[in-house]
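Visitor: with the sequence up front, the predicted model follows.
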Amino acid sequence: MIEVRPGFETDEDCMPMRRVLFVEDDEALRITQTLYLRKEGFEVVAVPDRVCARRELGEQLFDVVVTDLKLGKESGIDVLRDARELQPDAELLVITGYGSVDTAVAAMKEGAYDYLNKPIDPQRLVHVLNRALEHQGLQRQILHLKDQYAEKAGLNHIVAVSELMQQVLQTIRKVASSSATILIEGESGTGKELMARLIHQASGRTAGPFLGINCGAVPENLLESELFGHVRGSFTGAHKDQKGLFEAADRGTLFLDEIADLSPNFQVKLLRTLQEHKVRRVGDTRETRVDVRVIAATNQDLARLVREGRFRQDLFFRVKVIPVYLPPLRKRPEDILPLAERYLARLSKRMGRRSPLLSESAKRKLLGHEWPGNVRELENTLERALIFKKGDQISAADLALETCLPTQDDDSADSGSWEISLEELEKRHILRVLAHCDENKVKAADVLGIGYNTLWRKLKRYGES
């Protein structure tokens, strides 16, 4: 095996080293190509077979993997698969002396960026390597921009360990590419706007704007101007023509939060816009066509409001083309601890400190709480704990939880209990009581009306002792 690892240049203007793993069983070709690539500024590790290639892939990082498709009795396809497993970000190039369409297709299916036929033209190899590196650089830039957007929008803080949230994400993946109107329903604090941003990001409208408005926070006389725009002189203070959010969100997404708070009069105006895909600015006689994907959200039961005559049935069916229901946090306890750890990491980074760990008592307290404020309450609780706790661990005593706020269930202790076993219901109740007693097992056993040893055995069975 020949290994060429030149030192890094000290000139700051010099191009950074580009690391290549070269897999070739022909020793003469392996040596000559390695020396040529070194001359062209590449850092090369050259090996004769799959075993050596896999070892190198496990020990150091490479930008590009170049492999012959025929390595004695071995196949270069297996090298490609190893590279995809161990270093999925590396670009892959293959060399074949047979030039058949079948081998090239097989290599492309395994993720190869390009292939070359023997005999290899060294200049051609360098050219293809540079193109592969350019492609890799563009892919990394795209990923970086996506990560930046996700960080800014909060999309990288979505946690979906539970089956309920997995179903939500599966629905979003199916419908994001369409332009159908979506209604997101869920309690306050479940992350409805975050999901709307996720839908926008996963749609074909991601290059367009994402704009939102809380329909319940704007007076009706101003809401019409906010959504549809106005012309100069249409009312006092209208000093110039102004686009509304529908026009501003053209070719993008408009998020209408708390749509249930719209007055009956304004519901008629919104219905017409959704039907005609046209808006008329306040004070104008002309209509403007808009191409906007509308996502509405509410924390109320729209179907009940329709039955009570407080929400138009025709608008209900217009906005609820695709329903998405976000379950409350208490219905997806599997997500609580992963969410907590994610929030701790993000909030700690913002505060410029190391993220503390959650003690076992803190975890039990988080799992035992009902979370009437859902993920928003969880984030606020952890932020409060970080402000007052400066150590490397957060205990149960550091978590100040609101215990007097009701959940939106009629009876939070029994709601949905028909869906779970008695054992699971008992476990939840015991953990909730233990959390309220600040992890004092003697006090919790007294509240539960059982002996201390009985409580200890149950907690041991739950893995909480």
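Guide: Sure thing, it's come through.
Visitor: what residue ranges in the stretch 351-465 of the chain score low on pLDDT?
Guide: Within the stretch 351-465 of the chain, the set of residues satisfying pLDDT under 70 comprises 403-420, 438, 464-465.
Visitor: count the residues that sit near the spatially closest residue to residue 69 that is not a sequence neighbour.
Guide: With sequence-adjacent residues excluded and distances taken as Cβ to Cβ, 6 or more residues apart in numbering, residue 69 is closest to residue 76, at 4.0 Å. The way it works is simple: take the backbone N, C-alpha and C, and place the C-beta from them, glycine included. Here the number of neighbours of residue 76 (other Cβ atoms under 10 Å) works out to 28.
Visitor: for residue 76, list the residues it contacts.
Guide: For residue 76, the contacting residues are 23, 67-70, 94-95, 107, by Cβ atoms under 8 Å, 6 or more residues apart in numbering.
Visitor: residue 232 falls within a strand, correct?
Guide: No: counting by DSSP: H, G, I helix; E, B strand; the rest coil, residue 232 is not part of a strand but coil.
Visitor: okay, it and residue 269: tell me how far apart.
Guide: 21 Å (Cβ to Cβ, to the nearest Å).
Visitor: more neighbours: the two, which one.
Guide: A direct count of neighbours by other Cβ under 10 Å for residue 232 and residue 269 places residue 269 higher, at 18 against 11.
Visitor: tell me the secondary structure at that one.
Guide: Residue 269 ends up helix, using three-state DSSP.
Visitor: these two touch, right, it and residue 223?
Guide: No: between residue 269 and residue 223 there is no contact under Cβ atoms under 8 Å: 9.4 Å.
Visitor: skipping its backbone neighbours, what lies nearest residue 110 in space?
Guide: residue 80 (4.2 Å).
Visitor: no, scratch that, I was asking about residue 200
Guide: Using Cβ to Cβ, 6+ apart, the closest residue to residue 200 is residue 253 (4.2 Å).
Visitor: list the contacts for the one you found?
Guide: Shown in contact with residue 253 (Cβ under 8 Å, 6+ apart): 196, 199-200, 203, 205, 208-211, 292-295.
Visitor: same thing but at 6 Å, please
Guide: 200, 205, 210, 293 (Cβ atoms under 6 Å, 6 or more residues apart in numbering).
Visitor: you'd agree the residue nearest to residue 110 is in a helix?
Guide: Yes: assignment of residue 80 by three-state DSSP places it within a helix.
Visitor: in three-state terms, label residue 95 for me.
Guide: Applying three-state DSSP: residue 95 is strand.
Visitor: and for residue 240?
Guide: Under three-state DSSP, residue 240 comes out as coil.
Visitor: tell me which entries of the contacts of residue 76 lie within helices.
Guide: Those of these mapping onto helices are residue 107, per DSSP state H.
Visitor: most widely separated two among the contacts of residue 76?
Guide: 23 and 107 (13.0 Å; Cβ to Cβ).
Visitor: neighbour-wise, which of those two wins?
Guide: residue 23 (29 against 23).
Visitor: check contacts around the more buried one.
Guide: 47, 53, 67, 79.
Visitor: buried subset of these, written for ChimeraX?
Guide: Here is the ChimeraX command that selects only those of the contacts of residue 23 that count as buried (16 or more other Cβ atoms under 10 Å):
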select :47,53,67,79
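Visitor: doesn't residue 187 fall inside a helix?
Guide: No: read with three-state DSSP, residue 187 is coil and lies in no helix.
Visitor: begin at 2, not 1, for the rest of this chat.
Guide: Understood, numbering begins at 2; the last thing we discussed is residue 188.
Visitor: burial count for residue 261?
Guide: 20.
Visitor: hmm, it is touching residue 301, no?
Guide: Yes: taking contacts as Cβ atoms under 6 Å, residue 261 lies within contact range of residue 301: 4.3 Å.
Visitor: where does pLDDT dip in this structure?
Guide: 2-18, 99-105, 144-158, 404-421, 439, 465-466.
Visitor: domains for it, by residue range?
Guide: 4-146, 157-328, 333-463 (automatic domain parsing).
Visitor: how close does residue 197 get to residue 374?
Guide: According to Cβ to Cβ, residue 197 and residue 374 sit 19 Å apart.
Visitor: more crowded one of these two?
Guide: residue 197 (25 against 20).
Visitor: OK, contacts around the nearest residue to residue 377 once chain neighbours are set aside?
Guide: Residue nearest to residue 377 in three dimensions, not counting chain neighbours: residue 190, with 3.4 Å by Cβ to Cβ, 6+ apart. Counting by Cβ under 6 Å, 6+ apart, residue 190 makes contact with 374-378.
Visitor: in helices, which of those residues appear?
Guide: Per DSSP H, the subset of these in helices is 375-378.
Visitor: give the bridge partners for the closest residue to residue 274 other than its chain neighbours, please.
Guide: Of all residues beyond its chain neighbours, the one nearest residue 274 is residue 280 (5.6 Å), with distances taken as Cβ to Cβ, 6+ apart. Beta-bridge pairing for residue 280 (DSSP bridges): residue 289.
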